[in-house]
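Visitor: Compute the structure for the input listed below.
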Amino acid sequence: MSANSQPLWQPPAITPLDPAIEAVARARIDGKAKPPGSLGRIEDLAVQLGMIRHPGEPRGDNAVLLVFAADHGLVAEGVSQYPSAVTVAMVMTYLAGRASANAFAAASNVEIRVIDAGVAAELPGHPRLIDAKIRMSTANAARGPAMTPQEAAEALDHGCKLAIREIRNGADILALGEMGIGNTASSALLVHRLAPAPLNDCIGVGAGQDDSGMARKRAAIEMAATRSNASAPLDVLSEFGGLEIAMMAGAVLGTASQRRPVIIDGFISSAAALLAIRLCPEARGYCVFAHRSAERGHDIVLAALDATPLLDLGLRLGEGTGALLAVPLVRAAARLLTDVADLSDVLTGNI
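Guide: Residues are numbered from 1 along each chain as shown. Coordinates of the predicted model:
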């Protein structure tokens with residue numbers, strides 16, 4: 001790129017969290033009507049939320065889950081035991097309100113938006129489906145780039161704008177989820193290059209693979225990694241995909257630009273967060289990591305981002321299910337700052 005050329009995509013302006021605010025928020029929480037530190041990591045989360053919304057007050061009543069769906073050309077190499085048709089079937093299940101994400105969202109009082117980022121089929125119109133399709137599936141990353149740099153930039157931009165729109169419409173918290181057969185393979189390649197980490201350590205069973213399936217998956221991923229030595233974030237995204245991952249990364253950046261917390265789900269959402277943070281490190285302070293996935297490779301992402309997730313339940317479904325389970329914790333942490341009396345008021349009888 002020449003000195004005068006413009007980058008293909010420019011992240012939105014993101015204000016880094018001010019470390020000077022941390023001590024102020026911590027002192028405020030220590031002064032609440034409870035022993036200092038007695039609410040453990042919820043207090044740390046409250047400090048983070050206070051820093052995110054400073055000088056305003058954190059809020060958590062209105063939470064929205066964005067579920068991005070797309071397909072992956074790598075499926076042609078046998079990286080999943082399921083065909084791409086399952087992505088379509090699951091999108092229709094979300095729209096029917098019958099997936100695990102729907103059940104958890106109902107239990108957590110969270111709204112769901114389903115976004116077609118690149119499903120390999122024309123989907124029928126539905127009032128709860130957002131059509132943001134960039135293309136029908138990525139290309140087979142084992143044989144060539146998953147998408148063009150322009151498509152990668154367009155997907156990032158779509159995700160960013162969707163997040164900003166939700167916040168301007170009243171969302172206090174955004175949670176991210178995904179659906180895409182083959183996306184653990186794509187995520188393994190992204191984490192391998194962006195963490196960075198040894199490739200084999202990033203490859204897990206995904207939706208489930210037997211020994212022969214894992215051998216095919218490793219072979220395809222190794223073929224893709226051998227084909228390209230990309231290491232810059234946008235180049236890595238273009239080479240290895242996928243479209244739902246790109247839109248989630250854009251959504252992380254869009255949420256951070258509006259000074260709101262974004263709840264990251266499991267391995268694939270965390271790979272998207274890793275991509276976003278490599279594009280714009282200031283976004284890290286706005287990410288709340290929901291849970292430790294059972295998918296191999298997730299611990300690598302968490303270590304690369306110095307993140308400790310809130311929950312450890314052995315989940316590896318995706319769809320935003322772990323993020324949904326974390327929403328009540330984020331809400332509780334926000335209310336610790338806004339609703340709990342100061343100890344001084346209790347002791348002086350002002351309550």
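Visitor: Okay, strands next: where are they in the stretch 101-250 of the chain?
Guide: 111-118, 129-131, 173-179 (DSSP state E, counting those that start in this stretch).
Visitor: Buried residues, the shortest one. List them.
Guide: Meaning strand 129-131. 129, 130 (16 or more other C-beta atoms under 10 Å). Where you see a C-beta, it was placed from the backbone N, CA and C, and this is true even at glycine.
Visitor: name the helices or strands packed onto that strand?
Guide: strand 111-118 (3 or more C-beta pairs under 8 Å, 6 or more residues apart in numbering; DSSP states H and E).
Visitor: helix/strand/coil for the residue most central in space within the chain?
Guide: With distances taken as C-alpha atoms, centre = their mean, the residue of the chain nearest its centroid is residue 269 (3.4 Å). Put simply, residue 269 is helix when judged by DSSP: H, G, I helix; E, B strand; the rest coil.
Visitor: could you list every residue that touches it?
Guide: Applying C-beta atoms under 8 Å, 6 or more residues apart in numbering to residue 269 gives the contacts 176, 177, 178, 248, 318, 320, 323.
Visitor: try residue 271
Guide: 187, 190, 191, 194, 245, 301.
Visitor: Switch those residues over to a markdown table; also include pLDDT and distance to residue 20.
Guide: Formatted as a markdown table, the contacts of residue 271 follow (pLDDT from 0 to 100; distance: C-beta to C-beta, whole Å):
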| residue | pLDDT | distance to residue 20 |
| --- | --- | --- |
| 187 | 98 | 36 |
| 190 | 98 | 34 |
| 191 | 98 | 33 |
| 194 | 98 | 30 |
| 245 | 98 | 34 |
| 301 | 98 | 29 |
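Visitor: Just the pLDDT for the residue nearest to the centre of the chain.
Guide: In this model, residue 269 is scored at 98, pLDDT.
Visitor: Relative to residue 127, how far out is it?
Guide: 25 Å (C-beta to C-beta, to the nearest Å).
Visitor: Just name the closest of the contacts of residue 269 to residue 351, please.
Guide: Residue 351 lies nearest to residue 323 out of those, by C-beta to C-beta, at 35.1 Å.
Visitor: For that closest one, list the residues it contacts.
Guide: Contacts of residue 323 (C-beta under 8 Å, 6+ apart): 65, 175, 176, 177, 263, 264, 265, 269, 290, 291.
Visitor: so which strand or helix has it?
Guide: Per DSSP states H and E: residue 323 is located in helix 321-338.
Visitor: what angle separates that helix from strand 173-179?
Guide: Interaxial angle, helix 321-338 versus strand 173-179 (axes from the mean of the first three to the mean of the last three C-alpha atoms, to 10 degrees): 170 degrees.
Visitor: Report the buried residues of helix 321-338.
Guide: 321-327, 329-331, 333-337.
Visitor: mean confidence score for it?
Guide: 98.
Visitor: ok so, going back, among the buried residues of helix 321-338, which pair sits farthest apart?
Guide: Pairwise distances across the buried residues of helix 321-338 peak at 27.0 Å for 321 and 337 (criterion: C-beta to C-beta).
Visitor: how far does stretch 229-244 stretch from start to finish?
Guide: End-to-end distance of stretch 229-244: 22 Å, with C-alpha to C-alpha, to the nearest Å as the criterion.
Visitor: my bad, should have said stretch 197-215
Guide: Length of stretch 197-215, first residue to last, C-alpha to C-alpha: 20 Å.
Visitor: ok, which stretches of the stretch 51-200 of the chain are helices?
Guide: 85-95, 100-108, 149-168, 183-194 (DSSP state H, counting those that start in this stretch).
Visitor: closest one to residue 274 among these?
Guide: helix 183-194 (5.2 Å).
Visitor: follow-up on the earlier one: could you look over the strands of the stretch 101-250 of the chain and pick the most buried one?
Guide: The highest average neighbour count among the strands of the stretch 101-250 of the chain, using mean count of other C-beta atoms under 10 Å, belongs to strand 173-179 at a mean of 30.
Visitor: What helices and strands are in contact with that strand?
Guide: strand 63-70, helix 85-95, helix 149-168, helix 243-257, strand 262-264, helix 267-279, helix 321-338.
Visitor: Point out where the stretch 201-350 of the chain drops to low pLDDT.
Guide: Under the criterion pLDDT under 70, no range of the stretch 201-350 of the chain is flagged.
Visitor: swap the cut-off to 90 and go again
Guide: When residues are selected by pLDDT under 90, those of the stretch 201-350 of the chain lie in 205-211.
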